[in-house]
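**Student:** Any chance you could fold what I've pasted below:
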Amino acid sequence: MTDERAWFSSMAKRRITAVEIAEILDVSRRTATTKLTNGLSADELIDISRSLGLSPIHALVELGKITYQEAVDFLDDDGQLLETAEDGELALELARRLNPATKADELEELRKRKASKNVPPPTYDDTTHDDLPYVADNSPDEPMPGDDDYFDGP
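**Tutor:** Okay, the predicted model is just below:
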């Protein structure tokens, strides 16, 4: 079994003691030592990881609670997270998404709509002020809390 405390110490770049793990798990030092000897549960690994500012997924994979493939199944098609992607990879993905060839159908539809001259512009002849809830008017503002004439009663 992997020494979980040593792994956490290595990842946190400082010494992690059984006492600290006991405080994180809200158990006695003796119970924490027993848990470390017998192996921590996945829930405990997650709690400790989060408390130390480490990735719970990384801890679960490295300490054998889940497989790498199980963790990757929740990533994108390439198994890449935005956070860990190189700048070049991000630029290539952005270029792929902005490539006009991948948007050919949408561009053609836009061209057709632009070329079509028979679409009449919308008319607003029958529109009233009641139809426009955000129309500007010159009525006085309602008094607000703190104003002299404000009343919050029935």
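**Student:** Could you verify my assumption that Leu52 touches Met11?
**Tutor:** Yes: here Leu52 reaches Met11: they are 7.4 Å apart, a contact under CB atoms under 8 Å. C-betas here are computed from N, CA, C, even on glycine.
**Student:** Which segments of this structure make up each domain?
**Tutor:** 4-72, 78-114 (automatic domain parsing).
**Student:** tell me how far the ends of the first one are from each other?
**Tutor:** Start and end residues of domain 4-72 are separated by 22 Å (CA to CA, to the nearest Å).
**Student:** what about Pro145, which SS state?
**Tutor:** coil (DSSP: H, G, I helix; E, B strand; the rest coil).
**Student:** Just list what the helix-or-strand element of the chain with minimal mean pLDDT packs against, helices and strands only.
**Tutor:** Least confident helix or strand of the chain, by mean pLDDT, DSSP states H and E, is helix 104-115 with a mean of 73. The criterion is 3 or more CB pairs under 8 Å, 6 or more residues apart in numbering; DSSP states H and E, and there are no helices or strands that helix 104-115 contacts.
**Student:** Sort out which residues of it are buried, please.
**Tutor:** Using 16 or more other CB atoms under 10 Å as the test for burial, helix 104-115 gives no buried residues.
**Student:** now that helix, how far from the centre of its chain.
**Tutor:** Offset of helix 104-115 from its chain centre (CA atoms, centre = their mean, to the nearest Å): 34 Å.
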